[in-house]
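Asker: A predicted structure for the sequence below; I have some questions about it.
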Amino acid sequence: MQSLTLESVTSQSPGLLTRLRPWLHVKACTGSLIVLSFIAVGILGPAAAPLDPNKQELTAMLKAPQGIGAAHVLGTDNLGRDILSRVIHGARVSLLVAFAVVFVSGLIGVSLGAVSGYFGGKVDFLIQKLVEVVWAFPPLLLGITIMAFLGQGLFNLILALVAQRWIPYCRVVRGQALSLREREFVVAARCLGASKRRIILRHIIPNLVQTSLVIGTFAMASSIIAEASLSFLGVGVPPEIPTWGTMLADARIYISTAWWLPLFPGLCIFITVLGINLLGDALRDILDPRLTRAGPGR
């Protein structure tokens, strides 16, 4: 009798294991592990790096990877700089750029999308025309143009990446805001005399957080690739700041003679982007209410 009671209580109120079960999926665990490792390396970069990433040692140029315990675990580049130290410091730049671009893009895109969807009419028309004009430019070409005009710099790089990456937020949020403005709780708030600003901030935007979070994870991956692409082309951050894209650009000449120069920064980009995409895909499965309602048999 007691076991039946406990069983019925367990079935009625989902426990901790039930809540954690979606996060125990292979995609969620693998993506979370990679992203958390990426964040840890980015935050602890200066302490974890064995050497100064810009220290040149011309007597140790183009040394192959020497293994764990050696002076240069992943080898050195054409100026004798330690590859491992530069890879670790490059993670910090990628982390800073990715989070800054996602935060600023999300702030702009969600705000404009919520306003566009809620107000409709001329406001919606003007915002969507702005979206169409900006969306017409190829992302990489627009970033190169902005960097060529403003010059190299971390702030300018973030601005160049934000210039077009707010649009996915805006388009998706607008569609959801068009639906939310007709929901009962919004209509009730409007009938009670709530201002449009209060309705958007208290009722519309909080219901868009889950979707924006999923978009943000995929935006982080694209931001890392875009930053590496601009740095590879020489229009990203200044040369004295080590980044994965800059390391790939420096390795172009030696790709046939020093395989380790492009291998390790390329692997870092690949693994980080893969982990973020896995995490974003898992978040989409977990947070999508239609998949949640489908139950365990989906």
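Answerer: Noted; the coordinates are in hand.
Asker: can you list the residues that contact the host helix or strand of residue 131?
Answerer: Using DSSP states H and E, residue 131 sits within helix 121-135. For helix 121-135, the surrounding residues in contact (C-beta atoms under 8 Å, 6 or more residues apart in numbering) are 112, 115, 116, 117, 163, 164, 167, 170, 171, 174. (C-beta placed from N, C-alpha, C; glycine too.)
Asker: Is it correct that the second one falls within a helix?
Answerer: So that's residue 115. Yes: with DSSP: H, G, I helix; E, B strand; the rest coil as the criterion, residue 115 is part of a helix.
Asker: That one against residue 200, yeah?
Answerer: Yes: Residue 115 is within contact range of residue 200, at 6.8 Å (criterion: C-beta atoms under 8 Å).
Asker: quick one: the strands in the stretch 101-250 of the chain?
Answerer: With strands called from DSSP state E, counting those that start in this stretch, the stretch 101-250 of the chain shows none.
Asker: picking up where we left off before, right, and the pair among the contacts of helix 121-135 with maximum separation?
Answerer: Pairwise distances across the contacts of helix 121-135 peak at 22.1 Å for 117 and 163 (criterion: C-beta to C-beta).
Asker: So if I had to pick from those two, which one is more boxed in?
Answerer: A side-by-side neighbour count of residue 117 and residue 163, using other C-beta atoms under 10 Å, places residue 117 first with 24 against 17.
Asker: what residues does stretch 191-203 touch?
Answerer: Identification of contacts with stretch 191-203 by C-beta under 8 Å, 6+ apart yields 114, 115, 118, 119, 180, 185, 186, 189, 190.
Asker: before we move on, what about stretch 51-65?
Answerer: Outside stretch 51-65, the residues touching it (C-beta under 8 Å, 6+ apart) are 71-86, 88-89, 240, 242, 254, 257-258, 260.
Asker: Please apply the same query to stretch 66-79.
Answerer: With C-beta under 8 Å, 6+ apart as the test, stretch 66-79 has contacts from 50, 56-58, 60-65, 82-84, 86-87, 247, 250-251, 253-254, 258, 260-261, 264.
Asker: Tell me which entries of these lie within strands.
Answerer: Among the contacts of stretch 66-79, no member falls in strands (criterion: DSSP state E).
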